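> Need coordinates for the following:
(one chain, ligands or ions: 1)
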Amino acid sequence: MVENKRLLFDWRAKSFVLNRGKNGKEHAYCYCAKHFKFVASHTDDKPNIVEVPTIVAARCRSLHERISFHHNHPALTPLSHGDLELLGRFPGLLEISAHTALGASFRASRAKRWKSSWKRRFDTLDAAFTFQSLSLQALPGFVGSLEMHTFNMILARARLIEYDFRLDANLKWQYDCHRPLVDQMVKDIADLGRGG
Ligand SMILES: [Zn+2]
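From the prediction side, this is the model:
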């Protein structure tokens, strides 16, 4: 029953942001995953960012909330640093999802209960990844979407997030091209961020 409601609200959120997103701007739709109620929608009329609606930011300071945040990415990219950092900033944010017009979806949720050490671990992995990825940026197709997807997979393997995704054909192809290298990098860097 609860699962059905989740699916229904996920579908509503995704449809909303993709429909509104036809204007090339980012849009957000947030619902309460405890009571299955719409909470807020918002846009800043910008193609690459949408702020967390004020009412959602206020509620998400509480550990007792479970808010699901959905938005669209007109640039077709996976979850950004800014998106992921929200999970460390807001204890009541259950998950964040990004959807694209090419049918890709990316969802990150905290793997465990919110802890203040989450951000520190995130920063450690981020620094290690930034350093390592410099050497891979010469590879065709590694920068941009594949780079962000790799970072998301690192956070998942280090158990900071649970990461569910559906890639579009282009990103899937890029990932397949560099798979052995990417998977090795994910493994090596994730080991630095375990514990906590
Ligand atoms: Zn985003």
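> Tell me which helix or strand the closest residue to K119 other than its chain neighbours sits in.
Once its chain neighbours are removed from consideration, K119 has its nearest residue in G88; the separation is 4.0 Å (Cβ to Cβ, 6 or more residues apart in numbering). Backbone N, C-alpha and C define where each C-beta goes, glycine included. Of the helices and strands defined by DSSP states H and E, G88 is found in helix 81-89.
> With just CA atoms, put that helix into PDB.
The C-alpha trace of helix 81-89 is given here as PDB (Å, rounded to 0.1, in the frame of the first residue of the first chain):
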ATOM      1  CA  HIS A  81      27.600  18.300  -6.100                       C
ATOM      2  CA  GLY A  82      25.000  20.900  -5.000                       C
ATOM      3  CA  ASP A  83      22.200  18.300  -5.200                       C
ATOM      4  CA  LEU A  84      24.200  15.800  -3.100                       C
ATOM      5  CA  GLU A  85      25.200  18.200  -0.500                       C
ATOM      6  CA  LEU A  86      21.600  18.800   0.400                       C
ATOM      7  CA  LEU A  87      21.500  15.400   2.000                       C
ATOM      8  CA  GLY A  88      24.200  16.500   4.400                       C
ATOM      9  CA  ARG A  89      22.600  19.900   5.100                       C
END
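> May I see the buried residues of the following helix or strand past that helix?
Read in the C-terminal direction, the helix or strand following helix 81-89 is strand 93-99, with elements assigned using DSSP H and E. Of the residues in strand 93-99, those buried by neighbour count under the rule 16 or more other Cβ atoms under 10 Å are L93, L94, E95, I96, S97, A98, H99.
> Give me the sheet partners of strand 93-99 and which way each runs.
Paired neighbours of strand 93-99 in the sheet (DSSP bridges): strand 67-72 (parallel), strand 105-110 (antiparallel).
> For the first one, which outside residues touch it?
Read that as strand 67-72. Where contact means Cβ atoms under 8 Å, 6 or more residues apart in numbering, the residues beyond strand 67-72 that reach it are 9-10, 13-14, 16-18, 20-21, 26-33, 39, 50, 52, 56, 59-60, 83, 86, 90, 92-101.
> Any figure for the gap between G103 and N170?
To N170, G103 is 11 Å away according to Cβ to Cβ, to the nearest Å.
> Lovely, talk soon.
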